[in-house]
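> Next input, structure requested:
(2 chains)
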2 protein chains.
Amino acid sequence: MDLASYISGFVDGEGCFCVSFQPSGRHRFGWEVRPSFSVSQNADRAELLHILKERWQCGSIRPDRSDNTIKFEVRKISDLVGKILPHFQAYPLASSKQADVTRFGRICWLMHREQHLTKEGFIEIVKTAMEMNPSGKRKYRERDILKSL
Amino acid sequence: MDLASYISGFVDGEGCFCVSFQPSGRHRFGWEVRPSFSVSQNADRAELLHILKERWQCGSIRPDRSDNTIKFEVRKISDLVGKILPHFQAYPLASSKQADVTRFGRICWLMHREQHLTKEGFIEIVKTAMEMNPSGKRKYRERDILKSL
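As a prediction, the model looks like this:
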């Protein structure tokens, strides 16, 4: 069994590459950009999440009491850029979710290079994020976030 | 990328090895035993399900309109015994769900050898099935099914 491929298959089903936006007076342009890679499981079968944390040596595992699940999550940009994204470059997802990985990667790289602090970079991040997870719901739309610029 | 390992990882998250019981006047002991291996996905990302069907050359893919998902399912005992179970013997699940695969395999083998038509075999199948999917809900309990024997 090839663990790297196994992990990609598991993440294809259970993983989420998301970028959310939070209004914030402390952040440039009034919004905090929050990329997050997460994998959720029923609380009674968290084994795989520990394998992920062990393998990548980053992230945190915590219970989500709202729906009795447990979640492995990586938010730190240097971990996303240095540990998570290289895995999915070497072992890409077989489904259309890989398109989200690509967009997620672009956003993380822009943030890693501090481009979210420039107006151009921030706009590119917002526009790219809005193309992601088309089946999910968004609290804030592109026009809400960009209207302050 | 090793597709076999990828598939096992995907199934670890999204797959279900289930055995249900249906009251039936046409079946011995008054119950139809229905093993099912299935994998569900949101309707907008069915690619992986087609990869599974193509690889194993069995099963069916159909929409589940109740929750806007799409499901790949294998019910035929000869396909379960000859195609699905050998995969998970060679590429076992890394989580505790593998214990269900073992129980599921035992039930399928008993049925393949027509042991569900003997009282002993039927009882073993019912008892083994009741140990599976502890977090799921069951319509019929062991005592409901065995009381007619």
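> Show me which residues of chain A sit near chain B.
A:1-3, A:5-14, A:41-42, A:44-45, A:47-48, A:51, A:91-92, A:94-97, A:134-135 (Cβ under 8 Å from any Cβ of the partner chain). In short, each C-beta sits where N, CA and C put it, glycine included.
> Which of these fall in helices?
Those of the residues of chain A next to chain B mapping onto helices are A:3, A:5-14, A:47-48, A:51, A:97, per DSSP state H.
> Pull out the buried members of the residues you listed.
A:5-14, A:47-48, A:51, A:97 (16 or more other Cβ atoms under 10 Å in any protein chain shown).
> which residue ranges form the helices in chain A?
Going by DSSP H, chain A shows helices at A:3-14, A:47-56, A:77-79, A:85-90, A:97-112, A:119-130, A:142-146.
> Scan chain A for its longest strand.
In chain A, assigned by DSSP state E, the strand with the most residues is strand A:31-42.
> The closest residue to chain B within chain A: what's it in contact with?
Distances between chain A and chain B by Cβ to the nearest Cβ are smallest at A:G9, namely 3.0 Å. Counting by Cβ atoms under 8 Å, 6 or more residues apart in numbering or on different chains, A:G9 makes contact with A:94, B:5-13.
> And the pLDDT at the closest residue to it other than its chain neighbours?
Leaving aside its chain neighbours, A:G9 sits nearest to B:G9 (3.0 Å; criterion: Cβ to Cβ, 6 or more residues apart in numbering or on different chains). With respect to pLDDT, B:G9 scores 97.
> Out of the contacts of A:G9, flag the one nearest to B:F104.
Closest approach between those and B:F104, by Cβ to Cβ: B:V11, at 12.0 Å.
> Quick one: closest of the helices of chain A to B:P63.
helix A:3-14 (18.1 Å).
> Give the burial count for A:G136, as a bare number.
A:G136 has 8 neighbours, counted by other Cβ atoms under 10 Å in any protein chain shown.
> So for it, what's the nearest residue that isn't a sequence neighbour?
A:G136 sits nearest to A:C18 (Cβ to Cβ, 6+ apart), 7.5 Å away.
> A:G121 now?
In space, A:G121 is closest to A:Q115, 3.0 Å off (Cβ to Cβ, 6+ apart).
> hmm, back to that, of all the contacts of A:G9, which two lie farthest apart?
A:A94 and B:D12 (14.9 Å).
> List the residues that contact A:A46.
A:61, A:70.
> what number of residues lie near the residue nearest to A:G121?
A:Q115: 16 neighbours (other Cβ under 10 Å).
> And the one 3 residues further on, by the same measure?
With neighbours defined by other Cβ under 10 Å, the count for A:T118 comes to 14.
> Quick one, grab the pLDDT at it.
96.
> give the contact list for it.
By Cβ under 8 Å, 6+ apart, the contact set of A:T118 is empty.
> Distance check, it against A:L110.
9 Å (Cβ to Cβ, to the nearest Å).
> Could you find the closest non-adjacent residue to A:G105?
Closest to A:G105 by Cβ to Cβ, 6+ apart is A:L85, at 4.9 Å.
> show me what contacts the residue nearest to A:C108 when sequence neighbours are not counted?
Nearest residue to A:C108 in three dimensions, chain neighbours excluded: A:L80, at 4.7 Å (Cβ to Cβ, 6+ apart). Taking Cβ under 8 Å, 6+ apart, we find A:L80 in contact with A:35, A:37, A:74, A:104, A:108.
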